[in-house]
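**Student:** Kindly generate the corresponding structure for this input.
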Amino acid sequence: MTGAALALPTSSHSGSSLEGELAVDYTTSTHTVQEKPWGQDSESSDGELQSVEHDGIRPIDGLFGWIPTLAVTVNYMFVFGASNSYGVFSTYYLNVKFAGTSATTLSWIGTLITSLMLICNIFTGALADKKGYRVTAYTGTVICTLAYILASFSKHVWQLILTQGVLLGIGLSFLIAPSFSIPSQWFSKRRGLASGIAMAGSSIGGLWFTAATQTMIDNLGAEWALRILGILTLVVTSLMNMLYYRRVPAKPRNGLLELSATKRLVFWLVSLESSLMDVGFWVVTFYIGTAARHLGGTSQDGSNLLLVLNAGSVVGRVMAGVVADRFGNINTLFISYLLTSILLLSIWLTVTSIAPLFVLCALYGLISPTFIALNPVIIAKQFDTDTLASVMGMVNGLAGLGILGGNLAQGAIFDKYDKRVQFTNTVIFSGTFIMLAGVTTFIMRSHVISKQSDKRLFQKV
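**Tutor:** Below you'll find the predicted structure:
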């Protein structure tokens, strides 16, 4: 039986069609099932397949899994497009609508979008496992739409902080809660590739979301730009949410959080490396445009640098999955952290013209986002598949604290020590934390190997 056949109903459902199959919602299953180990093939016989489907578990590595995975890819365009495109709104707010307001005050809007998106994932991830993927995702769609519409009528900065910052960040958290776990739940052999393709949507969103937002602000104004983004988010994510299928039903539990995960050292190591990376990761996104202007460039040069950064990320996130499937997720993650820190410190600290910044953005986009694609895969390998959204949500929540603290610290260092005329201290601060993330990943690798029967130093992990 082929992978394609696994995606369709078996002979025991001879009266069904693909539409009928799609109408089944496995998120409502409440019984406990025994999942087969990732390494075993679910395709051994028709009888076994019918038994698996009867228990509410679809076969792994089948063609059907690409349906929810591609839905995640599209939704990621809107989730991360919202945070990546805030720089366009920030420029407008700083220079036009709130020209007399400090950059530090306005930066709270963008910081809250990203940090709350992850911090609130502690709870939204658990809700996704407990209440269902679609219910959680549709809740996020409604909140995001409301946030955009309310922001379009905001007249004061504090109103934008509450709407475009707090409310939008919370809404995005509901959308990403099921999204992070879907690719890893549907694939084993190609898990890294599936996760990479899904996460590429975030970079694609960064490309067109940024360009579209700038065009709408220039031609229609920021207010209508926000309203149109709200309408697009409502329509597109509502359609994609319909395709959010679980492969493995969530097991019943009394508590909201998966606290048992905190008893394992690997949980804290993944959380720590992700948090450390998030402290330093955003320095290029937030400051590369300003760096270009200091070197004699224009605001358009800054926009072009961000486009190159996002274009590199599209390729990098997919390639990270391919490389990880071949050489191991933790191995790939460790190498990416090492290369990212070297790249950041060696190029940015030595630039004297704009051209090297384009090289930096291309390579940084290609290498640095590996952790975004691979951490869900690492979690999927180390924890039960029926608790993926919960555990990933807890990891993201801690990482969100890294974003919040890192962004605020970078701003303070840039103001106080770099005097807004250079980036030496800001870049060293960020590069150091990325390097510490690499050290933590190496410790995690050693810990995982120590728990295996095969304790060779050089192996696929």
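**Student:** Kindly tell me how buried the nearest residue to residue 243 once chain neighbours are set aside is, as a neighbour count.
**Tutor:** Spatial nearest neighbour of residue 243, chain neighbours left out: residue 71 (3.9 Å); criterion: CB to CB, 6 or more residues apart in numbering. No exception for glycine: its C-beta is placed from N, CA and C like everyone else's. Residue 71 has 23 neighbours, counted by other CB atoms under 10 Å.
**Student:** Moving C-terminal from the helix or strand harbouring residue 71, which element do we reach first?
**Tutor:** According to DSSP states H and E, residue 71 maps onto helix 66-84. For helix 66-84, the following helix or strand on the C-terminal side (DSSP H and E) is helix 86-92.
**Student:** Give me the contacts around that following helix.
**Tutor:** Applying CB atoms under 8 Å, 6 or more residues apart in numbering, the contact partners of helix 86-92 are 106-107, 109-110, 113, 164, 210, 213-214, 217, 222, 285-286, 289, 299, 306.
**Student:** Check stretch 259-279 too.
**Tutor:** 118, 333, 337, 371, 375, 378-379, 382-383, 387, 390-391, 394-396, 398-403, 405-406, 409, 430, 433-434, 436-438, 440-441, 443-444, 447-448.
**Student:** Narrow these to just the buried residues.
**Tutor:** 118, 333, 337, 371, 375, 378-379, 382-383, 387, 390-391, 394-396, 398-403, 406, 409, 430, 433-434, 436-438, 440-441, 444, 448 (16 or more other CB atoms under 10 Å).
**Student:** in the chain, what spans have low per-residue confidence?
**Tutor:** 1-56, 103, 251-254 (pLDDT under 70).
**Student:** Spatially central, which residue of it would that be?
**Tutor:** residue 372 (5.4 Å; CA atoms, centre = their mean).
**Student:** where along the stretch 1-150 of the chain do the helices fall?
**Tutor:** For the stretch 1-150 of the chain, helices defined by DSSP state H, counting those that start in this stretch occupy the ranges 3-6, 18-22, 46-54, 66-84, 86-92, 103-119, 121-131, 133-152.
**Student:** Quick one: residues contacting residue 385.
**Tutor:** For residue 385, the contact set (CB under 8 Å, 6+ apart) comprises 35, 184, 185, 247, 248.
**Student:** which residue packs closest to the second one, ignoring adjacent ones?
**Tutor:** On the basis of CB to CB, 6+ apart, the spatially nearest residue to residue 184 that is not a chain neighbour turns out to be residue 380, at 3.5 Å.
**Student:** Wait, the residue nearest to the centre of the chain touches residue 201, no?
**Tutor:** No: counting by CB atoms under 8 Å, no contact exists between residue 372 and residue 201, whose distance comes to 11.1 Å.
**Student:** Phi, psi for residue 247 please.
**Tutor:** Note on residue 247: backbone dihedrals following degrees, to the nearest 10 are phi -90, psi -40.
**Student:** please renumber so the chain begins at 7
**Tutor:** With the count now opening at 7, the last piece we talked about shows up as residue 253.
**Student:** Can you get me a residue count around it?
**Tutor:** By other CB under 10 Å, 23 other residues sit near residue 253.
**Student:** likewise residue 162?
**Tutor:** By other CB under 10 Å, neighbour count at residue 162 equals 10.
**Student:** Switch the helices of the stretch 7-156 of the chain over to a markdown table; also include distance to residue 347.
**Tutor:** Below are those laid out as a markdown table (distance: least, CB to CB, whole Å):
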| stretch | distance to residue 347 |
| --- | --- |
| helix 9-12 | 40 |
| helix 24-28 | 45 |
| helix 52-60 | 44 |
| helix 72-90 | 22 |
| helix 92-98 | 24 |
| helix 109-125 | 21 |
| helix 127-137 | 26 |
| helix 139-158 | 33 |
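**Student:** and residue 370, which of those helices is closest to it?
**Tutor:** helix 72-90 (14.0 Å; CB to CB).
**Student:** Please export the C-alpha coordinates of that closest one as PDB.
**Tutor:** The C-alpha coordinates for helix 72-90 follow below in PDB (Å, rounded to 0.1, in the frame of the first residue of the first chain):
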ATOM      1  CA  TRP A  72       0.800  17.700   3.600                       C
ATOM      2  CA  ILE A  73      -2.700  19.200   3.700                       C
ATOM      3  CA  PRO A  74      -2.500  20.500   7.300                       C
ATOM      4  CA  THR A  75       1.200  21.200   6.900                       C
ATOM      5  CA  LEU A  76       0.600  23.500   3.900                       C
ATOM      6  CA  ALA A  77      -2.300  25.100   5.800                       C
ATOM      7  CA  VAL A  78       0.200  25.900   8.600                       C
ATOM      8  CA  THR A  79       2.600  27.400   5.900                       C
ATOM      9  CA  VAL A  80      -0.100  29.900   4.800                       C
ATOM     10  CA  ASN A  81      -1.100  30.800   8.300                       C
ATOM     11  CA  TYR A  82       2.500  31.400   9.200                       C
ATOM     12  CA  MET A  83       2.600  34.100   6.500                       C
ATOM     13  CA  PHE A  84       0.000  36.100   8.500                       C
ATOM     14  CA  VAL A  85       1.300  35.200  12.000                       C
ATOM     15  CA  PHE A  86       5.000  36.200  11.400                       C
ATOM     16  CA  GLY A  87       4.100  38.600   8.700                       C
ATOM     17  CA  ALA A  88       2.400  40.700  11.300                       C
ATOM     18  CA  SER A  89       5.500  40.900  13.500                       C
ATOM     19  CA  ASN A  90       8.000  41.200  10.600                       C
END
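**Student:** Okay, buried residues for that helix please.
**Tutor:** By neighbour count on 16+ other CB under 10 Å, the buried set for helix 72-90 is 72, 74-90.
**Student:** by contact count, what packs against that helix?
**Tutor:** Here helix 72-90 touches helix 109-125, helix 139-158, helix 174-185, helix 188-192, helix 197-226, helix 228-247, going by 3 or more CB pairs under 8 Å, 6 or more residues apart in numbering; DSSP states H and E.
**Student:** Checking residue 458 next. Helix, strand or coil?
**Tutor:** coil (DSSP: H, G, I helix; E, B strand; the rest coil).
**Student:** That one and residue 372, how far apart?
**Tutor:** From residue 458 over to residue 372 the distance is 31 Å, taken as CB to CB, to the nearest Å.
**Student:** Which one of those two is surrounded by more residues?
**Tutor:** Per other CB under 10 Å, whichever of residue 458 and residue 372 has more neighbours is residue 372, with 23 against 10.
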